[in-house]
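J.: no sequence on hand, only this structure:
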């Protein structure tokens, strides 16, 4: 039987990608006690890299927001994997950390990462209200536009 969060995903017309495998000497998530730490997620959709380039140069704000949404869906996919498929065990999304691949004069980091924050709120409701940072980076892995990590409280 599908849980509340799975039903919400369906209601929103959202599909989760497969949880991406780690691309280096790390793991996709670590659970310790009631905390789940999800490694930085890039806009990778079932093995296909999307949204390549610097925001404000090759990538528009709107496209970067979509990249942030893909990162958020990967975070949810990692959480689902970590929780044995039961997203209803998410107590709260505690924090998102957002990195935007951009030139030094770019200043719209919050608007970009809002793509992820808004989606997390849509999916988890009040449990999705989180602390956050959004900052610029001179480069990101594989030249992707956005990378986002998460800390999640779980039952």
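T.: That came through fine. What you see is a predicted model; the values in this text were computed from it and never measured.
J.: quick check: buried residues in the longest helix along the chain?
T.: Using DSSP state H to define each element, the chain has its longest helix at helix 61-82. Buried positions in helix 61-82, judged by neighbour count with 16 or more other Cβ atoms under 10 Å: 61, 63-82. All C-beta spots, glycine's among them, are computed from the backbone N, C-alpha and C.
J.: for stretch 84-93, same thing?
T.: Residues of stretch 84-93 classed as buried: 87, 89-90, 92-93 (neighbour count, 16+ other Cβ under 10 Å).
J.: end-to-end on that stretch?
T.: End-to-end distance of stretch 84-93 (Cα to Cα, to the nearest Å): 17 Å.
J.: related to what we said a few turns ago, next step: the buried residues of stretch 84-93 restricted to strands.
T.: Mapping the buried residues of stretch 84-93 onto strands (DSSP state E) picks out 90, 92-93.
J.: could I get the average pLDDT for stretch 81-100?
T.: What stretch 81-100 shows for mean pLDDT is 98.
J.: between the two ends of it, how far is it?
T.: 26 Å.
J.: what kind of secondary structure is residue 36 in?
T.: Following DSSP: H, G, I helix; E, B strand; the rest coil, residue 36 is assigned to strand.
J.: give me the number of residues near it?
T.: Neighbourhood size, residue 36 [other Cβ atoms under 10 Å]: 24.
J.: measure it to residue 58 for me?
T.: Going from residue 36 to residue 58 by Cβ to Cβ, to the nearest Å gives 33 Å.
J.: residue 132 now?
T.: To residue 58, residue 132 is 25 Å away according to Cβ to Cβ.
J.: more neighbours, these two?
T.: Between residue 132 and residue 58, counting by other Cβ under 10 Å, residue 132 is the more crowded of the two (18 against 13).
J.: isn't residue 63 up against residue 115?
T.: No. With contacts counted by Cβ atoms under 8 Å, residue 63 stays clear of residue 115, the gap being 9.7 Å.
J.: which residues does residue 92 form beta bridges with?
T.: As for beta bridges, residue 92 partners with residue 153 under DSSP bridges.
J.: right, I'll leave it there.
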